[in-house]
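Asker: have a look at this fold, sequence not included:
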C-alpha cells in the first residue's frame, strides 16, 4: 500500500533485481520503474547498487550505469573482486549489501516508506530496524521463480511484498542479449 503524500526512497540491489527479472523472462525498463514509483508517492531518491569490473576495457553493465546516472538515479558502485574458485573457474564477487544498508539507515529520518528491490535475506535486520524507526518497508522480488528469489524471512518481515512478476506490464520490457552474471553472491542471496 502506497500513499501519494508519503516520502519514498528506492534501494535497488542491481544484481539481485537483474537475476529476479531474468528468472521471470524479462528486463527492467528503469525509466518506467522510476515513473511508476514517482506516481505512487513523493520519491526523494532512487539508489542503484552494483559492482563494476574495473580492469576490463569494456564492462557490459557500463552503459546501464551511465544511463541511470544521467536519469535520476543515485549510483553506488565499487570495484568487483576477481578470484579463481576451487574448480579453477574465474569468479567475480561484488556484494553491495553494506552500502545499501548504511544509505537506508542514513535516509530513514527523512522518508516515510522505503522500497528495497532485493530478495536477499541478509536485509531482514535492516527492514526490522527501519520499521522500529517508523519507516514502512516494501520489498520487491519474486516467489514465482524456481527456486523463489526472495528469502521467506525477508518477505515476512516487510510491511508489503511486491511480486516483481506483477510489475512486468508496468516496468518490464522483453529480454535482450543476456548480461553476464558476474556477481558471485546472487545465487546465494535469497537463502
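Answerer: Yep, that arrived. Nothing here was measured: the structure is a model prediction, and the numbers come from that model.

Asker: C-alpha only now, for contacts and for neighbours.
Answerer: Will do.

Asker: so what's the residue count around residue 132?
Answerer: 10 (other Cα atoms under 10 Å).

Asker: that one and residue 124: what is the separation?
Answerer: Per Cα to Cα, to the nearest Å, residue 132 is found 13 Å from residue 124.

Asker: which residues in this structure form helices?
Answerer: Under the criterion DSSP state H, the chain carries helices at the ranges 14-24, 30-40, 62-70, 97-107, 124-132, 152-157, 168-171.

Asker: which of these sits most buried?
Answerer: helix 14-24 (a mean of 21; mean count of other Cα atoms under 10 Å).

Asker: tell me what angle that helix forms with helix 62-70.
Answerer: On the basis of axes from the mean of the first three to the mean of the last three Cα atoms, to 10 degrees, helix 14-24 is oriented at 120 degrees to helix 62-70.

Asker: and helix 14-24, average pLDDT?
Answerer: Taken as a whole, helix 14-24 has an average pLDDT of 94.

Asker: how far off centre is it?
Answerer: Relative to the centre of its chain, helix 14-24 is centred 8 Å away, using Cα atoms, centre = their mean, to the nearest Å.

Asker: show me what it is packed up against.
Answerer: Using 3 or more Cα pairs under 8 Å, 6 or more residues apart in numbering; DSSP states H and E, the elements in contact with helix 14-24 are strand 26-28, strand 42-52.

Asker: if we use 10 Å, what do you get?
Answerer: Identification of packing neighbours for helix 14-24 by 3 or more Cα pairs under 10 Å, 6 or more residues apart in numbering; DSSP states H and E yields strand 26-28, strand 42-52, strand 113-117, strand 136-141.

Asker: dump the ones you listed to a markdown table, plus mean neighbour count.
Answerer: Output for the helices and strands packed on helix 14-24, formatted as a markdown table (neighbours: other Cα atoms under 10 Å):
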| stretch | mean neighbour count |
| --- | --- |
| strand 26-28 | 20 |
| strand 42-52 | 20 |
| strand 113-117 | 24 |
| strand 136-141 | 24 |
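
Asker: how about those in a markdown table, adding distance to residue 1?
Answerer: A markdown table is the format used below for those (distance: least, Cα to Cα, whole Å):
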| stretch | distance to residue 1 |
| --- | --- |
| strand 26-28 | 22 |
| strand 42-52 | 14 |
| strand 113-117 | 10 |
| strand 136-141 | 9 |
